[in-house]
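K.L.:
Have a look; sequence and predicted model below, questions after that.
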Amino acid sequence: MSGSDHHEHSHGEESTLTDIQKRVKALESILVSKGLVERAAIDQIIEHFENKVGPHIGARVVARAWVDEAFKHELLEDATKAINRQPDFPDIGQHLIAIENNESFHNIVVCTLCSCYPWDVLGLPPVWYKSAPYRSRIVSDPRSVLREFGLELSETKKIRVWDSTAETRYLVIPQRPAFSKAKSESELAKCVTRDSMIGTGEVLPPAENNVNG
Ligand code: FE
């Protein structure tokens, strides 16, 4: 989460808070003083969205699919069931469909209607995902939009755009990068970016990843 949308809980200098943070703080104080919510409950919700859900969950799912063929097979068949069967992944409440990039196809996720997004595995959606230009242009001219994201696809690669709904969310399984030496699942997870799981970005190349070990 970026600093600007971080829910400020410390009682520091008012002047360092943005307008939205001040508004949130004022609203929270009113709700607490009226006995409508408890601070501990708010803290728990924030902790949930900061640590329990987020792209780090999706990254682990992708990394496991890269190293475990059986899991990948299950994931492509029924992503919700496959993830919920793994004891070390948090439960997925949404109907999730995993789609795999390969040499022939590149997949992109959008919600043309509003902002449906796989919160369970990617956390809170980025602002651009909810913007009208992304929602319309990714369908009409995906190649140009990807280029603006810095992703240049070969002309021979076909693009598939998946439109999310309230019932169905999508998770892109990006192609596994080629590494000179074997990498563990947790090392591979570090290469999986949020945008690579939406289809608007690439996984981190091995060289970059090597910096962190
Ligand atoms: Fe939506």
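P.N.:
Here it is on my side, so go on. Residues are numbered from 1 along each chain as shown.

K.L.:
Could I get the phi/psi values of D91?
P.N.:
phi -70, psi 140 (degrees, to the nearest 10).

K.L.:
Quick check: closest non-adjacent residue to it.
P.N.:
N84 (5.4 Å; C-beta to C-beta, 6 or more residues apart in numbering). From N, CA and C alone the C-beta is placed, and that goes for glycine too.

K.L.:
Is the one you found in a helix, a strand, or coil?
P.N.:
Per DSSP: H, G, I helix; E, B strand; the rest coil, the local secondary structure of N84 is helix.

K.L.:
That one reaches P90, doesn't it?
P.N.:
No - if you go by C-beta atoms under 8 Å, N84 and P90 don't touch, sitting 9.1 Å apart.

K.L.:
Now for those two: what residues contact both?
P.N.:
In terms of C-beta atoms under 8 Å, 6 or more residues apart in numbering, N84 and P90 are not both contacted by any residue.

K.L.:
next one: the longest helix anywhere in the chain to chain centre, how far?
P.N.:
Within the chain, and with DSSP state H defining each element, the longest helix by residue count is helix 19-33. Distance, stretch centre to chain centre, for helix 19-33: 28 Å (C-alpha atoms, centre = their mean, to the nearest Å).

K.L.:
per the record, what domains does the chain have?
P.N.:
3-51, 55-208 (automatic domain parsing).

K.L.:
Just put those in a markdown table and tack on mean pLDDT and distance to the ion.
P.N.:
Listed next are these as a markdown table, based on pLDDT from 0 to 100; distance: least, C-beta to the ion, whole Å:
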| stretch | mean pLDDT | distance to the ion |
| --- | --- | --- |
| domain 3-51 | 77 | 18 |
| domain 55-208 | 93 | 3 |
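
K.L.:
and those, which is most packed in?
P.N.:
Using mean count of other C-beta atoms under 10 Å, the stretch among the domains of the chain with the greatest mean number of neighbours is domain 55-208 (a mean of 17).
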